[in-house]
Every structure is written in structure tokens, then in C-alpha cells.
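**Student:** the following comprises the amino acid sequence and a computationally predicted model.
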Amino acid sequence: MSAYRLLFLCFAMLSFALELGAEPTPPAKRAVLAREIRATPEEPGITFNSVHVDGPFIAMTFDDGPSATLTPKLLDLLATHHIRATFFVIGENVAEHPEIVARAAREGHEIANHSWSHPNLGKMPDESVRRQLRQTDDAIKNATGKRPTLMRPPYGSITAREKRWIHDEFGYDIILWDVDPYDWKRPGPAVVRARILKETRPGSIVLSHDIHPGTIEAMPSTFDELEAKGFKFVTVSELIKMATARPSHPSPQPTGTVLPNAVGSPSPTPSPTSSPSS
Ligand SMILES: [Zn+2]
């Protein structure tokens, strides 16, 4: 092998190693993982992509914060609209800005666990996953006085086995989403708004990130238009509490809606009359 070739190989391996350790994960990797999640089956009563509710209720969720500048801006806007949202926070950021998290909790928002440093939990040893969640749980408790009851795995990446032990050990429900505007790709506020408006339906869990300026810019008109459509905003825990069983023949939703009271019951028979978009 020539010296040039060897040099190139070393450089390529170094780049790869750096990429593995980098935060945040590059968009391309996130896109792959976001697609993977669609194929991940839900565990009834543990994992939620959306919730079946009687009424126009939805949950707005904001991930990866708090951001020193953008989260307070979003909190001002949410207060103006009397909207309560759910923040899936990164432990490192909570430790840096506990006062922002405390404010969010004081103003009625739900604070939930999104790991300490945003790694891919689906590829980590249990002990590291446990540490990621425990440290963040403690940071949230320190900031707000309350422990979270929900978690969302970074990139939506989590194994079925992890879901079960995390649920058993921490008592967390695992929260995914059914509306994804891909705002982390920074497509511009108009696109973020259009995607959310197009996909949101009763019971939706809307994913966004309060660390991108375009997302915050999109929110005033997004909230206006969701309100104009009659949607009412609740936290994820409130949405789950509203979950209703279907009157007859519950059918699996295309988004993977879970009925918590279906735990342990036989698999529901798909109803031929149910609309796939309902
Ligand atoms: Zn995230």
C-alpha cells in the first residue's frame, strides 16, 4: 500500500470516529433514524405516537432545549396564546439553564426526559442508558421540584427491550410523535408551519425543536391557524389521560395510535369501516 493510500485511510477512519462522537448527529443520520422509527412497533400502554381522543386535543412537543435565547421567546408566545406544551429537555442543557426549565414548569408546561447528551440509546449498553436517564431525571427534579413521567429517545431510537425496562424502572411512558415537520433540517418557517397544519389531527403529538430560530419563527402563525381550525392544546400527559377506547372494533391506526386500556386484551379486530385518516 502506498503512503498516500495509507494516509487517506487514516484520515477516513478519523473522520468516521469524529462523526460518531459528534453532537448533534448530522442531518443525514437523523433522517435515517426518523424513518426507522416508523417501522418500530409500539408496546401497548408504554409507547405513544398519538392518542385516540374524543375532541380536538393535540400536544405540541419541543425537543433538545432549553436554549438560552429561543426557549424564553417560545415561552412568551405560549403564554400569550394560553397554550401548554411539553418540553423534552436535554439534561446537559437543564444543568446549564435550570431557571428556564423552572419557568416552563411554573407556567404549566410539562418537562420530560430526552437523555443527558442526546446519544443513540438504541445502540448503548443498559448501564449507559440508565445513567443518561437518571442524571437527566435528577436535573429536572432539581430545576422544577418534580420528576418527569415521560421520556422520548433521541432520534426515536430505542429497542423494544429497552422500552420495557425503562418503563419498569423509571415508570416512564415512551413518547414518540405522529407529526414531524423536519424542522431540524431548517426548511424555513413557512414549510414548518405548512407541514404541521397538513398533518395534525385530533390526538396528534407534534414534534418540533426549540433550538432552531426558524421553528420559533413559525410558531405564531402555526398556533393562530391551529386555533382557527379548532384545535385545543394540552400536555402529553393530559392527552394520554384523555385516551378513550373506541366504542366497537378498535382498529390499529396508521400512525400507531395506542389505547392504554388495551393492555393485556386480545388483539383488536381491524374494522373495515374505519377511515385510515381518522
Ligand atoms: Zn432530540
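**Tutor:** Noted; the coordinates are in hand. Numbers count the residues shown, from 1 in each chain.
**Student:** up against the ion, what does the stretch 151-278 of the chain have?
**Tutor:** Applying CB under 5 Å from the ion, we find that the stretch 151-278 of the chain lies next to the ion at P154. Where you see a C-beta, it was placed from the backbone N, CA and C, and this is true even at glycine.
**Student:** low pLDDT regions in the stretch 151-278 of the chain?
**Tutor:** 246-278 (pLDDT under 70).
**Student:** how far is the longest strand along the chain from where the chain is centred?
**Tutor:** For the chain, the strand that runs over the most residues, judged by DSSP state E, is strand 57-63. On the basis of CA atoms, centre = their mean, to the nearest Å, strand 57-63 sits 8 Å off its chain's mean C-alpha point.
**Student:** what is the subsequent helix or strand relative to that strand?
**Tutor:** helix 70-81 (DSSP states H and E).
**Student:** which residues in the stretch 151-278 of the chain form strands?
**Tutor:** 173-175, 205-209, 232-233 (DSSP state E, counting those that start in this stretch).
**Student:** related to what we said a few turns ago, neighbouring contacts of the longest strand of the chain?
**Tutor:** 71, 74, 83, 85-88, 114, 152, 175, 177, 200-210, 215, 226, 231-236, 238-239, 242 (CB atoms under 8 Å, 6 or more residues apart in numbering).
**Student:** can I assume V129 is in contact with E162?
**Tutor:** Yes: the criterion here is CB atoms under 8 Å, and V129 meets it with E162 at 6.4 Å.
**Student:** anything in contact with each of the two?
**Tutor:** With CB under 8 Å, 6+ apart, V129 and E162 have common neighbours L121.
**Student:** these two: which has the busier surroundings?
**Tutor:** Applying other CB atoms under 10 Å to V129 and E162 shows that V129 carries more neighbours, namely 21 against 17.
**Student:** now for the helix or strand harbouring the more buried one, which elements pack on it?
**Tutor:** In this assignment (DSSP H and E), V129 forms part of helix 126-144. Judged by 3 or more CB pairs under 8 Å, 6 or more residues apart in numbering; DSSP states H and E, helix 126-144 is in contact with helix 91-96, helix 98-106, strand 110-113, helix 160-170.
**Student:** got the contact list for the nearest residue to T136 once chain neighbours are set aside?
**Tutor:** In space, and not counting its chain neighbours, T136 is closest to G91: 3.3 Å by CB to CB, 6 or more residues apart in numbering. Residues in contact with G91 (CB under 8 Å, 6+ apart) are N113, S115, W116, S117, Q132, Q135, T136, A139, I140.
**Student:** F87: helix or strand, and which one exactly?
**Tutor:** Since the elements are taken from DSSP H and E, F87 ends up inside strand 86-89.
**Student:** I83 now?
**Tutor:** I83 belongs to no helix or strand, assigned by DSSP H and E.
**Student:** ok, now how distant is it from the ion?
**Tutor:** 21 Å (CB to the ion, to the nearest Å).
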